[in-house]
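S.K.: quick one: sequence and predicted model below, then my questions.
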Amino acid sequence: MAEINVTPLVDVMLVLLIIFMVTAPLMTAGVPVNLPDSRAAPLDQQEQPVEISLDESGKIFVDKDEVSPASLPDRLAAVPKGDKAPQIFLRADRALDYGRVMQVMGELSRAGLTKVALVTNAEQQAQ
């Protein structure tokens, strides 16, 4: 009579599940930016947005690629316009100068990309 002990298999699977649950949110962060807090609700999204990030030193990243301020208009010109224009997620560090963020938003507007969402952290409700 042969029996299979499944307890070690269940233990290994639970450990792997915990590892994936912990590492999955870390893989989607992109460029590390200290976002401000907001009480706004998250947006519903059907297609993949274009993420533009500004870190605390003012470096600009389109998706995860660093872009110089001089080449930003050329990079934005490659993004589709009109009805097929994707949503733009603008992530800026809270310590960054407001004028620097406005320069990037001006370039977005000049490129014809008007569906811009500012990304923030969800504010914790005091109870």
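M.R.: Sure thing, it's come through.
S.K.: next secondary structure after whichever helix in the chain runs longest?
M.R.: Under DSSP state H, the helix in the chain containing the largest number of residues is helix 7-27. Next in sequence after helix 7-27, counting helices and strands by DSSP states H and E, comes strand 37-38.
S.K.: pLDDT of whichever helix or strand comes after that following strand, averaged?
M.R.: As assigned by DSSP H and E, the chain's next helix or strand after strand 37-38 is strand 50-54. Mean pLDDT, strand 50-54: 87.
S.K.: ditto for stretch 58-65
M.R.: pLDDT averaged over stretch 58-65 gives 86.
S.K.: quick check: buried residues in that stretch?
M.R.: 60-62 (16 or more other C-beta atoms under 10 Å). C-betas here are computed from N, CA, C, even on glycine.
S.K.: same deal with stretch 75-84?
M.R.: Using 16+ other C-beta under 10 Å as the burial criterion, the residues of stretch 75-84 that qualify are 75-76, 79.
S.K.: out of the residues you listed, which comes closest to Phe20?
M.R.: Checking those against Phe20 by C-beta to C-beta gives Val79 as the nearest, at 32.4 Å.
S.K.: I figured the closest one was touching Val50, is that so?
M.R.: Yes. Contact between Val79 and Val50 holds when scored by C-beta atoms under 8 Å: they sit 6.0 Å apart.
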